[in-house]
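**Q** Show me how the following folds:
(one chain, ligands or ions: 1)
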Amino acid sequence: MTKILTAEQIQQYHENGFVSPIRVMSEDEACSIKAKLEEAEKNYPREFNPENRNNLHLTFSFLDELAHNSIIVDAVEDMIGPDISLWASVMFSKDPSTNHFVSWHQDATYMGMNRCDFLTPWIALTHSNLEMGCMTMIPGSHKQNIRKHEDTFSENNILTRGQVVKDVDESNVVDLILKPGEMSIHHGAVIHSSKPNKSKHRRIGFALQSYMSPEVEQIVGKNMWMHIRGKPRRDHDGMSLSRPQYDMDPLSVSQRKLADENYSYILYNGAKIKRNY
Ligand SMILES: O=C(O)CCC(=O)C(=O)O
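**A** Predicted structure coming up:
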């Protein structure tokens, strides 16, 4: 018995490497989260900005609540089982009329895990459509191995290394058009990208990247895990994180600093350049 997803949605996920759209909350609730986010950016500009965008769920209660949202976690449980930890999160924000884009890539490439079958819910906090640079997927591409990625460090590419998979067959692409409060869920190995936001409105997606079962292990670097549900992980080197008691509570700030350092070590392992993302 599944909790949220239909058998058809689960089949779509396994077949295509993604499933979308799934409603998590009302549009009004998503707008209120966006308002909290913009308040946090105003109050803590150094800690929360387009470059300092990783692991914000560790220091802001409204994002921690999203990471534990029962609709999101139930959907994850339907696919990976009851023992769930969260590896990290990324706030992907694109300002209106900017050139920022995300090149074709597979998330698992630089995450340093022993396998790729983990998943990322991407929660739309605004509309996300073609004009705004929504995510685009290559269906079925998660069934291949990890392809060769070239690190470009291109200025407008908002991936850590500006990594690119070349010669992608774009004949069957699927654009994930989402309304505020909806999510998509994608597999760690599916090839995806997103184009610039040409609209007059900001596009924001919160990527809970990624929820993993205990079978998925960190083999490059150390990670700090947020326990979400079920049996806690038993990694010998991975530390467990506590939830923020309130926005920017000092313990959570120090934990996020350490988590971000570990995260950056893993993602830039072997890279020639290290950027601020
Ligand atoms: O938000 C975007 O445009 C890209 C996000 C992405 O690549 C991801 O969540 O894996």
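
**Q** how about the residues of the chain near the ligand?
**A** The interface of the chain toward the ligand, taken as Cβ under 6 Å from any ligand atom, is made up of 92, 102, 107, 120, 122, 135, 192, 194, 205, 207, 209. Heads up, the C-betas are built off the backbone N, CA and C, glycines and all.

**Q** which among those residues gets closest to residue 78?
**A** Taking Cβ to Cβ as the measure, residue 78 lies nearest residue 120 of the residues of the chain next to the ligand, at 15.0 Å.

**Q** what sits opposite that closest one in the beta ladder?
**A** The bridge-partner assignment for residue 120, based on DSSP bridges, gives residue 186.

**Q** what's the pLDDT at it?
**A** Among the per-residue scores, residue 120 holds a pLDDT of 98.

**Q** Please determine how far it is located from residue 87.
**A** Taking Cβ to Cβ, to the nearest Å as the criterion, residue 120 is separated from residue 87 by 9 Å.

**Q** buried set for stretch 106-114?
**A** When burial is assessed from 16 or more other Cβ atoms under 10 Å, stretch 106-114 yields the following buried residues: 106-113.

**Q** Stretch 67-81 now?
**A** Buried-residue list, stretch 67-81, by 16+ other Cβ under 10 Å: 67, 69, 72-73, 75-80.

**Q** what pLDDT does the residue most central in space within the chain get?
**A** Centroid-nearest residue in the chain: residue 207, 2.6 Å away (criterion: Cα atoms, centre = their mean). Looking at residue 207, its pLDDT stands at 98.

**Q** Give me the three-state assignment for it.
**A** Using DSSP: H, G, I helix; E, B strand; the rest coil, the three-state assignment for residue 207 comes out as strand.

**Q** residues contacting it?
**A** By Cβ atoms under 8 Å, 6 or more residues apart in numbering, the contact list for residue 207 reads 89-92, 120-123.

**Q** what about 7 Å?
**A** When contacts are counted by Cβ atoms under 7 Å, 6 or more residues apart in numbering, residue 207 is found next to 89-90, 92, 120, 122.

**Q** who's it bridged to?
**A** With DSSP bridges as the criterion, residue 207 is bridged to residue 90, residue 122.

**Q** quick one: it from residue 92, how far?
**A** Between residue 207 and residue 92 the distance, using Cβ to Cβ, works out to 6 Å.
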